[in-house]
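K.L.:
test case, fold it:
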Amino acid sequence: MGDRAVSRRLTSRQWRILSFLALHGTATTVEVAVAVGVPRLTAHRDLTRLHGLGLVERRRSDEDRTHTWWYDVTAEGADLVGRDLAASGRPVPLQLGRRRWSEADGLLFLPLIEASRQNPGRCELFQWLTTMDTSVWLRGHGLAYLRADGFGVWLEDGRCLRFLVHVDNARPSGLLSEEEQRTAGLDVLLAGYRRTDPAVPVGAVLLVARDADHEEHLLGDLARRPVRAPIATTNIELLVRQWPNEAVWRVPGEAGPRRRLIDLAP
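P.N.:
Here you go, the predicted model:
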């Protein structure tokens, strides 16, 4: 069956699902439902349809007691999305169909989309770039030495915040001391921001520590050795319990309660 014939058999919602998987990588039914804004059962039916057409593939682990299906776009599906983007004059992202889900997607992207839907007209995740697209964006601003997990634009109550996000995904190693483990990954991350090159064109650089203890050590390090960029911190344990647009962010050297995401705007 040709591309045009397949395209005509897809609804606009199924196109959004296929494009989401091509742009963001592996996802579960629940993640697709949140991203597209449909009930889980609707997402399941659409994914089953796309699977039947050979545009997505699915897998699950025999060891997973929840029997969760994980979906990926196939080469045929990615090619179809790429052709559609090119035909409409839109850029075709690098590694389309070969991307992998990042922690930033799960901790900020999906929750902020859901927060937008729960508060229509008041707040919105206006833009989100994946890790690879963020690297392209940074290079375009002369900041190729920086590595970030995502870039976003958050709108709320008539205000706007552009932000970069970093998630500390370093894992403990027996080769490091306890103190070194607390800051593992963070020194490398901050090294780029300690350079005296042009300022980063965002309102906030969000640093997500692994837990509250690591966040405290990060804040202590930033107090001793400040950086030029506007830093705000939180931790994964807190983001699991609260929405990322709520008061979960701390500014180094600032006493008092945590700030909401939009309150980090200049």
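K.L.:
contacting residues around F151?
P.N.:
By Cβ atoms under 8 Å, 6 or more residues apart in numbering, the residues touching F151 are Q127, W128, L129, D133, T134, W137, R162, F163, L164, V165, V202. Quick note: C-beta positions are derived from backbone N, CA and C, even for glycine.
K.L.:
state whether the fourth one and P93 are indeed in contact, as I suppose.
P.N.:
Yes. If you go by Cβ atoms under 8 Å, D133 and P93 touch, sitting 6.1 Å apart.
K.L.:
the contacts of F151 in helices, which ones?
P.N.:
Judged by DSSP state H, helices contain the following of the contacts of F151: D133, T134, W137.
K.L.:
what about the first one, distance to A87?
P.N.:
For D133, the distance to A87 (Cβ to Cβ, to the nearest Å) stands at 20 Å.
K.L.:
please work out how many residues are found near A75.
P.N.:
12 (other Cβ atoms under 10 Å).
K.L.:
isn't it right up against G97?
P.N.:
Yes. Contact criterion Cβ under 8 Å: A75 and G97 qualify, at 6.7 Å.
K.L.:
hmm, back to that, give me the buried subset of the ones in helices among the contacts of F151.
P.N.:
Among these, those buried by neighbour count (16 or more other Cβ atoms under 10 Å) are D133, T134.
K.L.:
list just the nearest of the ones in helices among the contacts of F151 to R147.
P.N.:
Among the ones in helices among the contacts of F151, T134 lies closest to R147 (Cβ to Cβ), at 8.7 Å.
K.L.:
and the closest one, what does it touch?
P.N.:
Counted by Cβ under 8 Å, 6+ apart, T134 has contacts A148, D149, G150, F151, L164.
K.L.:
shaky segments in the chain?
P.N.:
The chain contains residues with pLDDT under 70 at 1-7, 170-187, 196-198.
K.L.:
spatially central residue in it, please.
P.N.:
D105 (2.8 Å; Cα atoms, centre = their mean).
K.L.:
nearest residue to that one in space, please, no chain neighbours.
P.N.:
H24 (6.3 Å; Cβ to Cβ, 6 or more residues apart in numbering).
K.L.:
surely the one you found meets R99?
P.N.:
Yes. Contact criterion Cβ under 8 Å: H24 and R99 qualify, at 6.2 Å.
K.L.:
can you list residues touching both of those two?
P.N.:
Common neighbours of H24 and R99 (Cβ under 8 Å, 6+ apart) are T130.
K.L.:
quick check: can you list the domain ranges of the chain?
P.N.:
Domain segmentation of the chain under automatic domain parsing yields 3-87, 103-264.
K.L.:
and H67, backbone torsions?
P.N.:
When quoted as degrees, to the nearest 10, the phi and psi of H67 stand at phi 60, psi 40.
K.L.:
show me what contacts the closest residue in space to it that isn't next to it in sequence?
P.N.:
Leaving aside its sequence neighbours, H67 sits nearest to R60 (Cβ to Cβ, 6+ apart; 5.9 Å). Neighbour list for R60: H67, T68, W69, W70 [criterion: Cβ under 8 Å, 6+ apart].
K.L.:
and the second one, helix, strand or coil?
P.N.:
Per DSSP: H, G, I helix; E, B strand; the rest coil, the local secondary structure of T68 is coil.
K.L.:
show me where this protein has helices.
P.N.:
Applying DSSP H to the chain gives helices spanning 3-8, 12-24, 29-36, 40-52, 75-87, 103-104, 110-118, 131-140, 178-183, 186-191, 212-224, 236-241.
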